[in-house]
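**Q** from the sequence below, what's the structure:
(chains A and B, ligands or ions: 2)
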Amino acid sequence: MMLSSLRIAERRLPILGQQVVRRAFHQTVQRNSAGAAAATADETREMNLFTAVNQAMDIALASDPTAIIFGEDVAFGGVFRCTQGLAEKYGKDRVFNTPLSENGIAGFAIGHASVGGTAIGEIQFADYIFPAFDQIVNEMAKFRYRSGNQWNCGNVVLRAPCGAVGHGGHYHSQSPEAYLAHTPGLVVVMPRSPKTAKGLLLSSIRSPDPVVFLEPKALYRTAVEPVPTGDYELPLGQAEVMRSGSDVTIVGWGGHLKVLEEACDMAHGLHGISCELIDLQTILPWDVDTVVESVQKTGKLVVSHEAPLTCGFGAEVVATLQEHCFLSLEAPIQRICGLDTPFPLVFEKYYIPNALKNLDAITNVMDYGR
Amino acid sequence: MKPSLQYPQRFGRILLCQARPRRAMAIRSFASVMRPKAEEEHAATSPMIRVPEEKSTIAAKTPTVSIDLHLASNDNTTEAAVFESPSEIQYAGNATMPLTSVLHIVKPSEDAPRGVWPVFRLMDENGRFRDPAFDAAVKDMKEVTTAPPSTGEAAKDLTGLRAKLQQQYPFHAKEFEACTLLQESKHPYPDTDSKNTLLRAHQQIVRLREMDTIFQNAQRQGRISFYMTCRGEEAIHFGSASALDPADTIFAQYREAGPLMWRGFTLEQFANQCFSNDGDLGKGRQMPVHYGCRALNYQTISSPLGTQIPQAVGAAYHYKLQGKPNVTVCYFGDGAASTTDFHSAFNFAATLKTPVLFFCRNNGFAISTPVAEQYAGDGIIARAPGYGMAAIRVDGNDIFAVHAAVREARAYALEHSAPVLIEAMTYRLGHHSTSDDSSSYRDKDEVSSCEHRFDPLGRFDNFLKEQGWMDDAALSALRDDEKRAVLKAMNDAEQRPPPPFKELFSDVYKEIPPHLKRQQAQLETHMKKYKGKY
Ligand SMILES: Cc1ncc(C[n+]2csc(CCOP(=O)(O)OP(=O)(O)O)c2C)c(N)n1
Ligand SMILES: [Mg+2]
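**A** Numbers count the residues shown, from 1 in each chain, chains lettered A, B, ... in the order given. Ligands and ions are numbered 1, 2, ... in the order given. I've put the predicted structure just below:
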């Protein structure tokens, strides 16, 4: 049976609850805060990712007098320079070092937010978020629900640099989004670039729900693009179609999208394949509709992430997509992910779901059944 | 005030004062920190006493007797280094701590010292053993003198040196007897071909320094990806390691290459790990400096901070149940002491009565975070009584004091089947790591002042020089030898291939499970298809 003929008969299943989620998560707001007083609506400046993150926090501190920033080594600017200059500008009471304890940072953030403050905590590396796991999973995520919506800690954002850098080994490379995404009540965000980082971080800080904001640390310095200098928000819970195409849908998030862009270029250059590339941006709650729409069009899907294959968030995407797009699919969905090993050091280049592996998957789905 | 010539006699008085209950001493030591101004003025005008001129925040601020090393010793140093024998000492975070020459582990049954816990020190910066008359606790005795310089022939061997030291510093006679650094080993050490333990310790400090310098430079040249030096903390490493039994399992943080070196890890092995080659025992899986060696009872380093602390307790509990005459030793930093794991571990150890030595390296910083922002109490040591734990604070830049403290703590832990906290005060002379530039958060003057005061190698050098065992020429020859050895090990390591590719999949589990075998096969097929791209 030809898969393409099945596509015609395909009926789109309703996505329960999606409308509600969309309303809660999909608003783009332009703001005029004190921090952006000098900026005109569409003024942009070339900047790297850490500067964009720094600007977002600068605006948050300026526009919200209850906002504080804290974590290990943030006072001198942070080990990745994201908080540079903020302690000097806003004072040591609002931007400060904590003792070295991640669950201290998370619990402190929750408490601060629960009585009306805005808490922006930094976990120095996503690999070190695990000591805070109990506070995040059992407290932060359930704070609103367990109190019957009497209490909430929606004004918490925990920022953590994640992802491979080429020489980080086990403990300076991991991408823990899937562990976090298994937690109802959390919002998990991972931007791909300076511009998206700034807008998504400002949304996260102002979101009524607690957010874990994972920053691709490999891009802090290397990714540079024009970024609006003013105050703007990008909607949470909404994916972005980075490139539209007709042959195959590629889904990814975070710094890994650089790799996927390269794979799309190779697929087009070498084989004339037209890829539709989607950045999920928010891992939880994720934008099912945008991906479904795309796969209904292309009939083929490759999902790729740096974290290990088994129980990676790709598994969730695949399971949901086969449910909604079964009759549209022309080839088995491919997952190109990290290996099910701890993140290695010397063998990182083999571990990584690089452009070549993705290219291979793209050509495989194109050739399927031929 | 004239220097007293009746040195031995004066010890009689000090011994008397030693007989006072510890508690009283501790209170006095605190009081002496708040020394009346009159005494300070008196001290400042005394010809024997020199007030340090540096305005650095970290300097011995007590006016104390100075010894001009150039005049006092007969070596041919061109620059005269001036060192004091202070009664108190100022560490990072503006913490002024009284010094004591008396080795005393504060037991949970005793009252904890009130105020600031004293720092146990045996050897001053000038390389001379302390006269307890300088101790903060006995400072009111007023009559103090410098220790007499070493005279006569240099001792031939460690037995001779011990005898000579006992004569020179009778107060410490017992310590010299107990100190295994001053004992010859039964067999020659394979790495030095000599039985001289003391010179081996010195040589290893020099070796570690050279290794740090060269590997750090190698990182700057892009030859390795990362490195962390332990500059300034070497006395902690070798002082503690030399007081342990080789079967005492070590749980380290990451800045403790020395204990591994002491146990016989070779320069080749260090280099192989840092270059992630096929000789790395860790199979190239972890970043540089994450050493580990089962054969030497040194658990493999893990980057997440604090995790090793409760692990050390569990291991010690096993030793206890097995009736093994061993302790576990757990090193950690002032920063790691803020982790939840630290607190759990301390409570477990005290409650379950496990023979574990908690060794805190208080070096003033956790990356950029100064200790003043890490804790508000008196260092880490003041927590011990709260947990019901024995504790001693020691000068981490004095190899003899560290050795003595660890030796006694180990004996205590085994005898009472109980944990002991050792807090070693020191200063991180280097950057946190090669990813860090500490000039963005600490004063260069602070670092150079600490380099001058707190360098454990300089102190050790001074001791050996004064005892006539080393001169500047010998020291520089030693440095050259070690430098050559490190360079050779590094160049050899660089030539070696990476570990075999199959090691990517091994050891995730004892046996490779089917799903990983599938991934391995897939990867191999892929790599064949795209030959030349990998
Ligand atoms: C759980 C965890 N959080 C954060 C880090 C990042 N980090 C690595 S070393 C360090 C500072 C540790 O300071 P300290 O314990 O005093 O040891 P020192 O570096 O001074 O030897 C930090 C924050 C980590 N490795 N693990
Ligand atoms: Mg430290």
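
**Q** shaky segments in the chain?
**A** Assuming you mean chain A. A:1-41 (pLDDT under 70).

**Q** oops, I was thinking of chain B
**A** B:1-84, B:139-148.

**Q** what does the host helix or strand of residue A:221 contact?
**A** Using DSSP states H and E, residue A:221 sits within helix A:219-222. In this structure, residues lying in contact with helix A:219-222 by CB atoms under 8 Å, 6 or more residues apart in numbering or on different chains are A:48, A:49, A:50, A:80, A:81, A:82, A:161, A:192, A:193, A:194, A:255, A:258. C-betas here are computed from N, CA, C, even on glycine.

**Q** ok, and the most crowded of these?
**A** Highest neighbour count within these: residue A:49, with 31 neighbours (other CB atoms under 10 Å in any protein chain shown).

**Q** give the contact list for it.
**A** Residue A:49 neighbours (CB under 8 Å, 6+ apart): A:191, A:193, A:194, A:197, A:215, A:216, A:219, A:220, A:221, A:223.

**Q** burial check on residue 288, number of neighbours?
**A** Unless you meant another one, I'm taking chain A. 20.

**Q** my bad, the chain I had in mind was chain B
**A** Counted with other CB under 10 Å, residue B:288 comes out at 26.

**Q** what about it, helix or strand, and which?
**A** Residue-wise, residue B:288 maps onto no helix or strand under DSSP H and E.

**Q** residue B:334: neighbour count?
**A** Counted with other CB under 10 Å, residue B:334 comes out at 28.

**Q** just the CA coordinates for the strand or helix carrying residue A:58, please, in PDB.
**A** Using DSSP H and E, residue A:58 sits within helix A:49-63. Written as PDB, here are the backbone C-alpha positions of helix A:49-63 (Å, rounded to 0.1, in the frame of the first residue of the first chain):
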ATOM      1  CA  LEU A  49      24.000  34.900  23.400                       C
ATOM      2  CA  PHE A  50      25.400  35.800  26.800                       C
ATOM      3  CA  THR A  51      24.900  39.500  26.100                       C
ATOM      4  CA  ALA A  52      21.300  38.800  25.000                       C
ATOM      5  CA  VAL A  53      20.700  36.900  28.200                       C
ATOM      6  CA  ASN A  54      22.300  39.600  30.200                       C
ATOM      7  CA  GLN A  55      20.100  42.200  28.500                       C
ATOM      8  CA  ALA A  56      17.000  40.300  29.300                       C
ATOM      9  CA  MET A  57      17.900  40.100  33.000                       C
ATOM     10  CA  ASP A  58      18.900  43.800  32.900                       C
ATOM     11  CA  ILE A  59      15.400  44.600  31.600                       C
ATOM     12  CA  ALA A  60      13.800  42.300  34.100                       C
ATOM     13  CA  LEU A  61      15.600  44.000  37.000                       C
ATOM     14  CA  ALA A  62      14.700  47.400  35.700                       C
ATOM     15  CA  SER A  63      11.100  46.700  35.100                       C
END
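
**Q** any buried residues in that helix, and which?
**A** By 16 or more other CB atoms under 10 Å in any protein chain shown, the buried positions in helix A:49-63 come out as A:49-63.

**Q** what about stretch B:498-507, how long is it end to end?
**A** By CA to CA, to the nearest Å, the extent of stretch B:498-507 from end to end equals 17 Å.

**Q** buried sites along it?
**A** B:498, B:499, B:503, B:504, B:505, B:506.

**Q** the stretch 301-450 of chain B: strands as residue ranges?
**A** B:328-333, B:356-362, B:365-366, B:369-370, B:390-395, B:420-425 (DSSP state E, counting those that start in this stretch).

**Q** adding distance to ligand 1 as columns, could you present those strands in JSON lines?
**A** Shown next, in JSON lines, are the strands of the stretch 301-450 of chain B (distance: least, CB to the nearest ligand atom, whole Å):
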{"stretch": "strand B:328-333", "distance to ligand 1": "2"}
{"stretch": "strand B:356-362", "distance to ligand 1": "6"}
{"stretch": "strand B:365-366", "distance to ligand 1": "3"}
{"stretch": "strand B:369-370", "distance to ligand 1": "7"}
{"stretch": "strand B:390-395", "distance to ligand 1": "16"}
{"stretch": "strand B:420-425", "distance to ligand 1": "11"}
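
**Q** got TSV for those strands, with mean neighbour count and distance to ligand 2 too?
**A** Shown next, in TSV, are the strands of the stretch 301-450 of chain B (neighbours: other CB atoms under 10 Å in any protein chain shown; distance: least, CB to the ion, whole Å):
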stretch	mean neighbour count	distance to ligand 2
strand B:328-333	29	4
strand B:356-362	29	7
strand B:365-366	24	5
strand B:369-370	20	9
strand B:390-395	28	15
strand B:420-425	29	11
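
**Q** with that, I have no additional questions.
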